[in-house]
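Novice: Show me the folded form of this:
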Amino acid sequence: MMEGYVRACISLCLLLTCWFIPVASVHIASDQKLQPDSDAPTDISTSVQSVTEVNSRQPPSADTEREWLVCSPCWEGDACQHYADYYAPRFLVHATTVVLRANSTGVVYRSWSTDEDLGLTCPLGPGYSARCPCAAVAYQLFAPPGDHHFQLDAVTGFLTRNTSMSLEDGKTYTYKIMVQSIPVAGQSKDLLFDLMDLKIYVSPNFIMKIPWS
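Specialist: Sure thing, here's the model as predicted:
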């Protein structure tokens, strides 16, 4: 009978041992999962901020650089590669008559023209020809063959008398003056221009009249 009691105690001990060990291991494993990892970040906002700081240190993209690109006057496009001359030069008057005396010298007429590129495409101010090529103009005189009585300054538009050739009293000399945009490297369109008719009458009574004076 004593032997049976000993066997029963041994069996009970084995049973308790098999049940206790798995339960203890489960609790130990659970405790380990609840402990924070010292290497992992615990603040989400800190992680987001670090990513933002990294992105802010990246070099600017091509789109960002394009936003800061400022083209010179008369040029446009993503890389300022297109020449823009939107407005043609225009004479203030398209027909005029100048009365001179036969012995007149110096400037006898000045060509007046405007170009709306100056002020609309380009800023106003002195020295615009260097800063605003699409508003700069050149003048040209068209005379009958063999007529060299007058000469025109291409930049100022001043018409002056050629004293090496005499004027005839009572005669009217007819000309055309053209104002035209200045050609620029990279321009693909035709030059814009305007024309005016000019008559110069030589008065036998020595009456001199210049419209712009």
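Novice: Please name the spatially closest residue to I200 (chain neighbours excluded).
Specialist: Spatial nearest neighbour of I200, excluding adjacent residues (Cβ to Cβ, 6 or more residues apart in numbering): Y173 at 4.5 Å. C-beta: built from backbone N, CA, C; applies to glycine.
Novice: What separation do you get for the one you found and C132?
Specialist: Y173 sits 35 Å away from C132, going by Cβ to Cβ, to the nearest Å.
Novice: quick one: which of the two has more around it?
Specialist: Using other Cβ atoms under 10 Å as the criterion, Y173 and C132 rank with C132 on top: 21 against 18.
Novice: before we move on, back to that, quick check: phi and psi on the residue nearest to I200?
Specialist: Phi and psi for Y173, reported as degrees, to the nearest 10, are phi -100, psi 130.
Novice: In terms of residue numbering, what are the domains of this protein?
Specialist: Here the domain parsing of the chain from automatic domain parsing is 1-30, 87-202.
Novice: looking at those, which is buried most?
Specialist: domain 87-202 (a mean of 16; mean count of other Cβ atoms under 10 Å).
Novice: which stretches of the protein have low pLDDT?
Specialist: 1-68, 125-130, 186, 206-213 (pLDDT under 70).
Novice: Show me the beta-bridge partners of I200.
Specialist: Beta bridges link I200 to V98, Y173 when assigned by DSSP bridges.
Novice: okay, the domains of the chain in CSV with distance to Q81 next?
Specialist: Converted to CSV, these look like this (distance: least, Cβ to Cβ, whole Å):
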stretch, distance to Q81
domain 1-30, 69
domain 87-202, 7
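Novice: how about the ones you listed, which one is nearest W75?
Specialist: Smallest distance to W75 across those (Cβ to Cβ): 8.4 Å, for domain 87-202.
Novice: now the end-to-end length of that closest one.
Specialist: Taking Cα to Cα, to the nearest Å, domain 87-202 runs 36 Å from one end to the other.
Novice: repeat for stretch 148-164
Specialist: 9 Å.
Novice: What of stretch 139-153?
Specialist: 7 Å.
Novice: now stretch 110-120
Specialist: In stretch 110-120, first residue to last residue: 25 Å (Cα to Cα).
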